[in-house]
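1. Okay, sequence plus prediction incoming.
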There are 2 protein chains.
Amino acid sequence: MSSIKVIKIGGNVIGNPEKLEKFLDDFATLPSPKVLIHGGGKEATELAKKLGVEVKMHQGRRITNKPMLDVAVMVYGGLINKQLCASLQKRGVNALGLSGADADCVRAVKRESKEIDWGYVGDVIPGGVDGSFIQNLLENGITPVFCALTHDGNGNLLNTNADTMATEIASSLSAGNIVDLVFCFEKKGVLLNSSDEDSVIEKITPEYFEKLKESEIVSEGMIPKIENAIKALEGGVSKVLIKSAENLLNTIQTTVEK
Amino acid sequence: MSSIKVIKIGGNVIGNPEKLEKFLDDFATLPSPKVLIHGGGKEATELAKKLGVEVKMHQGRRITNKPMLDVAVMVYGGLINKQLCASLQKRGVNALGLSGADADCVRAVKRESKEIDWGYVGDVIPGGVDGSFIQNLLENGITPVFCALTHDGNGNLLNTNADTMATEIASSLSAGNIVDLVFCFEKKGVLLNSSDEDSVIEKITPEYFEKLKESEIVSEGMIPKIENAIKALEGGVSKVLIKSAENLLNTIQTTVEK
């Protein structure tokens, strides 16, 4: 039984060279085993614009037609993932970049919806994460670095939400391990008062989350993040920390636990 | 001791969907262990043009400034590498995409030249390939799929010639294994008469190569390819086959051996 940290970072840190350097320094000092999962939506949007690929969103989530999928694969699977690995190698972290297609480690299914055609968007299938492959890498001193791309086993790459990817990977590693999942984002934690950056809620249980929703203290963007956190707890994750990428090494954070 | 095939494909097959499907079908039927290495220069040039990144060449080799490196990382490390992995997974091949930065498996040094600034171009350092890591993947039933990107251990990704990368990887696997290196390109083999596509030279030894050069039967583009083949033999590779990606499963080819 090992203690594993699964850490997800998003576009706000990836797109900021100074913040990213600081984060990677901090990440490198964390003891292994550890897993990094990254988004990169802002960078993908920038490249799409340069290439004249139309960016379509629905309810804050990206619609991924074939040209947009290619952009996502280039940016997430190529530019960001490989540079993160090289930057971590520099810091002595034996990073290995992965998409879900690599070694068949995250299998998904194309999202079907009557309401809207999401395009090449994938939802991880039950049992779709090969936790034993990831575990084997960790036991060999390797730090997996995942981009949020999956595949359907039929030759299609699929764009998957990075928070969901992190949740599924953390859950799959929970069998036989104590797993902490860390969602890094631009704020210090879940805020009790959205106009006070320091009003971080220390602890959220599933029950308290219901109350926070009822009282509309947690807003649109936070709801799926906390829902993912609760899903991770249900999947066996020990606790979920929601915090700023700038605060990786300190305890300013919201802890989601049962 | 295993018999390992290391196969390199270039832009002519990667850029042609029909040829690529056929090649991947053939590659999937080859017994494991096997390794795939891919180029993709034509695709990188296309993306560079779309993004307004100037493509500079010197003696047939690409000069890689930072914008061009980003293009190479997006196209080689992202678009081509991840799609190849998904396409091989569909065919039951447990492919894992790798750059040299991943798991620190191919270390290089930035090319220094008084004559010209090559930019982010890397030459693999002696002992720079971690053959034991690749061997470990092969023993676990995984087929490594390499793009021709390396890193310098100091956070920089480097663009490396795909033939050279294949040569270095094949050589590193030769300790304790029988390794065949296959260079796939657009012709059926090395031609005795460049205007006769069927005049494939069956066998080239290092001595015969010297004669072919003297008599100018092998031309500019073929010389570095055969030099790489001879370097691979010196590195312990059993034999090198130069052939068309369309002929992977038959014996129409030039064999380079001692």
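-> Received it, and whenever you're ready, just let me know what you need. Numbers count the residues shown, from 1 in each chain, chains lettered A, B, ... in the order given.
2. going forward, measure contacts and count neighbours with C-alpha atoms only.
-> Noted.
3. What is the neighbour count of A:Trp118?
-> The number of residues packed around A:Trp118, counting by other CA atoms under 10 Å in any protein chain shown, is 20.
4. ok, and the closest non-adjacent residue to it?
-> In this structure, A:Trp118 finds its nearest non-sequential neighbour in A:Ile63, 4.9 Å apart by CA to CA, 6 or more residues apart in numbering or on different chains.
5. Look at the nearest residue in space to A:Lys8 that is not next to it in sequence and tell me its secondary structure.
-> Once flanking residues are discounted, A:Lys8 sits nearest to A:Ile37: 4.6 Å by CA to CA, 6+ apart. At A:Ile37, secondary structure determined by DSSP: H, G, I helix; E, B strand; the rest coil is strand.
6. Would you mind confirming that A:Ile37 makes contact with A:Ala148?
-> Yes: A:Ile37 is within contact range of A:Ala148, at 7.3 Å (criterion: CA atoms under 8 Å).
7. Overlap of the contact sets of the two?
-> Shared contacts of A:Ile37 and A:Ala148 (CA atoms under 8 Å, 6 or more residues apart in numbering or on different chains): A:162, A:165.
8. need the contact list for the residue nearest to A:Lys8.
-> A:Ile37 neighbours (CA under 8 Å, 6+ apart): A:6-9, A:145-148, A:162, A:165-166.
9. so the residue nearest to A:Trp118, which of the three states?
-> A:Ile63 is classified as strand under three-state DSSP.
10. Spell out which parts of the stretch 151-258 of chain A neighbour chain B.
-> Applying CA under 8 Å from any CA of the partner chain, we find that the stretch 151-258 of chain A lies next to chain B at A:151, A:153-157.
11. Select from those every entry located in strands.
-> A:151, A:157 (DSSP state E).
12. what bridges to A:Leu36?
-> A:Ile7, A:Val145 (DSSP bridges).
13. The stretch of helix or strand A:Met68 belongs to and chain B, are they touching?
-> Element membership of A:Met68, judged by DSSP states H and E, is helix A:66-72. Yes: applying CA under 8 Å from any CA, one finds helix A:66-72 in contact with chain B at A:Asp70.
14. which of the residues in that helix are buried?
-> A:68-72 (16 or more other CA atoms under 10 Å in any protein chain shown).
15. same check, this time on stretch A:16-31
-> A:20, A:22-24, A:27-28.
16. Among those residues, which one sits closest to chain B?
-> Nearest to chain B among the buried residues of stretch A:16-31: A:Leu24, at 11.5 Å, using CA to the nearest CA.
17. contact partners of stretch A:106-121?
-> By CA under 8 Å, 6+ apart, stretch A:106-121 touches A:62-66, A:69, A:99-101, A:122-125, A:128-130, A:150-153, A:157-160.
18. How far does that stretch stretch from one end to the other?
-> 14 Å (CA to CA, to the nearest Å).
19. What residue in chain A comes nearest to chain B?
-> A:Gly78 (3.6 Å).
20. tell me which element A:Asp25 falls in.
-> In this assignment (DSSP H and E), A:Asp25 forms part of helix A:17-29.
21. Could you tell me which residues of the stretch 1-150 of chain A lie near chain B?
-> So the stretch 1-150 of chain A meets chain B at A:50-51, A:70, A:73-79, A:82-83, A:85-90, A:94-99, A:101-104, A:142 (CA under 8 Å from any CA).
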